[in-house]
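Asker: how would this look folded up:
(one chain, ligands or ions: 3)
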Amino acid sequence: MSLLELDGVKVHFPIKKGVLFDRTVGHVYAVDGVSLKVEAGETYGLVGESGCGKTTLGRSVLRLVDITEGSVVLDGTDLAKLPGEEMRRFRRRLQMVFQDPLGSLNPRQNIESILSEGMIAHGIGKDQEERREKIKAILDKVGLPSNALARYPHEFSGGQRQRIGIARALVLEPDVIICDEPVSALDVSVQAQVINLLEELQEELGLTYLVIAHDLAVVRHISDTIGVMYLGSLVEEAPSDALYAEPKHPYTKALMSAVPVPDPEVEDKRERILLTGDLPSPANPPSGCRFHTRCPWAQAERCATERPQLRDIGGGHRVACHYAEDIASGKLSLNQGEVVPATREGVDDTPEQDAEAEDAPAKVPAQAEKVSEDEKPATAEKVSEDEKPATAEKVSEDEKPATAEKVSEDEKPATAEKVSEDEKPAAAEKVAEADEESEKAV
Ligand SMILES: Nc1ncnc2c1ncn2[C@@H]1O[C@H](COP(=O)(O)OP(=O)(O)OP(=O)(O)O)[C@@H](O)[C@H]1O
Ligand code: SF4
Ligand SMILES: [Mg+2]
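Answerer: Numbering: from 1, shown residues only. Ligands and ions are numbered 1, 2, ... in the order given. As a prediction, this is how the structure comes out:
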């Protein structure tokens, strides 16, 4: 049995309407039947377009959102059925590292207080003295000095804050860490340091990771197995190397075709599959195969009416496509969409990608805002990434020496002054959010 097994997990958020009486007028099918297994000591990478349900799936494992249907089994125990108090105890074994390191750390608490919180809640350490010693040891493991204890989150760079987020998870000695976009808020130069740290910690402590990312390059580097999500479901799953060598699902093929290849000769010949149409709304997903509205190989009738199951097609691949074998053998050819040479024009079809293409790894195109305002439930807590405040890390990381992992003793209580006046109120607003998140997470 695998350490973590998800079976048919669904998370449907009700869409409410009405001024006096809330009526449920529909659902956002954020996660709609995901089954996957994460082996002990391994890393499962989950990729997909913005809004496809990756974060919701991660949160459902920790029961930070209600599971509509399905089971989440950790080491033989179905978490979906656990009563509140027992689930709270299980949370120690499952920890989450969040995308936005600043937003997930309470700016009013110093690092010792942030890291002690979960330990106190779970009865770790007989007194603060013992907890402090443990925290110091963990800070050392993640490359931060013990004098970080008395400092506040805003005094650290983005990369350092993410190390604090990792330390907060580690002090509870979890079995599984869910990393939700752990490096996407960081500069490219710092991303590799944090990914390497995660790998080193895994080796040393035997950790198991579920890493969520929209950055294919990040997931490839760190994952043993990769799952590709589209509109709330897995469309393909395979060992990392097999998935990159030969993607089998049309959606995965299109994603992979957008990844630049470092070899200039291969890169010159690379062809890009351009998808037509927008990502449909998860409140109103297409019938049949959810990808049929954009699939270049879609076949009349069957693709629009029959939902393909994730099935084993050999070579380690599980694929949710009726025609995976025929597409792989070339028996079926493209009937919509376009294959273009991946020249700069071909690759850079959005201004955002233009700017990043030079040095950043390829990203799954961001198409988050597909749920129209009307469809969004009043209770939606989701703040789009674009709205998140620009934090100081973008400035500070470049200025830091390459050995930025260790904060030197005489380093000035650093980035405080770099947080501009504009950013301060925004950081303060995040207090409530961070409070709520950390309360739930412990
Ligand atoms: N609490 C909520 N209430 C209602 N709808 C929600 C809630 N949380 C997420 N959603 C909706 O569920 C869908 C999936 O969101 P989710 O945050 O899981 O996507 P994601 O793949 O993590 O995207 P991103 O890459 O942008 O982080 C989106 O359409 C989102 O609007
Ligand atoms: S089932 Fe049909 S629409 Fe879906 S991915 Fe396969 S070919 Fe495309
Ligand atoms: Mg997300």
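
Asker: helices and strands of this protein: which one has the lowest mean pLDDT?
Answerer: In the chain, no helix or strand scores lower on mean pLDDT, DSSP states H and E than helix 393-399, which sits at a mean of 37.

Asker: how about the residue of the stretch 151-300 of the chain found nearest ligand 1, what does it touch?
Answerer: Nearest residue of the stretch 151-300 of the chain to ligand 1 (C-beta to the nearest ligand atom) works out as Pro282 at 4.6 Å. (Glycine included, C-beta is placed from N, CA and C.) Each residue near Pro282 by C-beta atoms under 8 Å, 6 or more residues apart in numbering is listed here: 28-30, 32, 51-53, 231-232, 370-371.

Asker: Pretty sure it sits in a strand.
Answerer: No. Per DSSP: H, G, I helix; E, B strand; the rest coil, Pro282 lies outside any strand segment and is coil.

Asker: what's the helix or strand for Val190?
Answerer: Applying DSSP states H and E as the criterion places Val190 in helix 188-205.

Asker: which is the next helix or strand following that helix?
Answerer: Counting by DSSP H and E, what follows helix 188-205 is strand 208-213.

Asker: Tell me how far Leu197 lies from ligand 2.
Answerer: 37 Å (C-beta to the nearest ligand atom, to the nearest Å).

Asker: if we can go back for a sec, with distance to Leu170 as extra columns, can I get the contacts of Pro282 in JSON lines?
Answerer: Shown next, in JSON lines, are those (distance: C-beta to C-beta, whole Å):
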{"residue": "Val28", "distance to Leu170": "33"}
{"residue": "Tyr29", "distance to Leu170": "34"}
{"residue": "Ala30", "distance to Leu170": "29"}
{"residue": "Asp32", "distance to Leu170": "33"}
{"residue": "Gly51", "distance to Leu170": "30"}
{"residue": "Cys52", "distance to Leu170": "29"}
{"residue": "Gly53", "distance to Leu170": "27"}
{"residue": "Leu231", "distance to Leu170": "34"}
{"residue": "Gly232", "distance to Leu170": "31"}
{"residue": "Lys370", "distance to Leu170": "36"}
{"residue": "Val371", "distance to Leu170": "35"}
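
Asker: Neighbour-wise, which one of these leads?
Answerer: Cys52 (28 neighbours; other C-beta atoms under 10 Å).

Asker: May I ask you to confirm that it is in contact with Leu231?
Answerer: Yes. Look at Cys52 against Leu231 with C-beta atoms under 8 Å: they come within range, at 5.9 Å.

Asker: shared neighbours of these two, anything?
Answerer: 279, 282.

Asker: Flag every residue of the stretch 151-300 of the chain that's near ligand 2.
Answerer: Within reach of ligand 2 by C-beta under 6 Å from any ligand atom, the stretch 151-300 of the chain has these residues: 250, 289, 291-292, 295, 297-299.

Asker: Which PyMOL command selects the buried ones in those residues?
Answerer: One line in PyMOL is enough to select the buried ones among those; burial here means 16 or more other C-beta atoms under 10 Å:
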select buried, resi 250+289+291+292+295+297+298
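
Asker: just checking, which of the residues of the stretch 151-300 of the chain next to ligand 2 belong to helices?
Answerer: Secondary structure from DSSP state H places Pro250 of these in helices.

Asker: name the element the nearest residue to Ala254 once chain neighbours are set aside belongs to?
Answerer: Leaving aside its sequence neighbours, Ala254 sits nearest to Ile273 (C-beta to C-beta, 6 or more residues apart in numbering; 4.4 Å). Assigned by DSSP H and E, Ile273 belongs to strand 271-274.

Asker: Packing partners of the helix or strand following that strand?
Answerer: Using DSSP H and E, the next helix or strand after strand 271-274 towards the C-terminus is helix 302-305. Contacting helix 302-305 under the criterion 3 or more C-beta pairs under 8 Å, 6 or more residues apart in numbering; DSSP states H and E is no other helix or strand.

Asker: contacting residues around Ser71?
Answerer: Taking C-beta under 8 Å, 6+ apart as the test, what Ser71 contacts is 5-9, 78, 80-81.

Asker: Sorry, wrong one. I was asking about Val34.
Answerer: Neighbour list for Val34: 6, 8-10, 53, 57, 70, 229, 232-234 [criterion: C-beta under 8 Å, 6+ apart].

Asker: restrict those residues to those near ligand 1?
Answerer: Gly53.

Asker: How many residues are close by Ala324?
Answerer: Using other C-beta under 10 Å as the criterion, the residues surrounding Ala324 number 22.

Asker: I figured it hits Tyr251, correct?
Answerer: No. Counting by C-beta under 8 Å, Ala324 does not reach Tyr251; the two are 11.3 Å apart.

Asker: Quick check: neighbours shared by those two?
Answerer: Common contact partners of Ala324 and Tyr251 (C-beta under 8 Å, 6+ apart): none.

Asker: for the protein, what spans make up the strands?
Answerer: 4-17, 23-38, 43-48, 69-74, 77-78, 94-97, 176-180, 208-213, 225-230, 233-239, 271-274, 311-314, 317-319, 338-341 (DSSP state E).

Asker: hmm, back to that, can you tell me which helices and strands the strand holding Ile273 packs against?
Answerer: helix 250-257, strand 338-341, helix 344-347.

Asker: For that strand, list the C-alpha coordinates in CSV.
Answerer: Output in CSV follows, covering the C-alpha atoms of strand 271-274 (Å, rounded to 0.1, in the frame of the first residue of the first chain):
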residue,chain,number,x,y,z
GLU,A,271,7.2,22.1,-33.3
ARG,A,272,4.6,23.7,-31.1
ILE,A,273,1.0,22.5,-30.9
LEU,A,274,-1.3,25.5,-30.6
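
Asker: What residues sit buried inside stretch 129-144?
Answerer: 131-132, 134-136, 138-139, 141-144.

Asker: With pLDDT and distance to Pro239 added, can I get the residues you listed in CSV?
Answerer: Output for the buried residues of stretch 129-144, formatted as CSV (pLDDT from 0 to 100; distance: C-beta to C-beta, whole Å):
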residue, pLDDT, distance to Pro239
Arg131, 96, 40
Arg132, 95, 42
Lys134, 95, 36
Ile135, 95, 37
Lys136, 95, 38
Ile138, 94, 31
Leu139, 94, 34
Lys141, 91, 29
Val142, 93, 28
Gly143, 92, 30
Leu144, 91, 34
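
Asker: so which of these comes closest to ligand 2?
Answerer: Ranked by distance to ligand 2 (C-beta to the nearest ligand atom), the buried residues of stretch 129-144 are led by Val142 at 41.3 Å.

Asker: Would you agree the closest one is in contact with Arg163?
Answerer: Yes. Using C-beta under 8 Å, Val142 makes contact with Arg163 at a distance of 4.3 Å.

Asker: returning to what we had before: could you identify the most distant pair in the residues of the stretch 151-300 of the chain next to ligand 2?
Answerer: Greatest spacing in those, by C-beta to C-beta: Phe291 and Gln299 (12.1 Å).

Asker: which residues does the residue minimising distance to the centre of the chain bridge with?
Answerer: In the chain, the residue lying closest to the centroid (C-alpha atoms, centre = their mean) is Ile212, at 2.7 Å. Under DSSP bridges, the beta-bridge partners of Ile212 are Leu46, Asp180.
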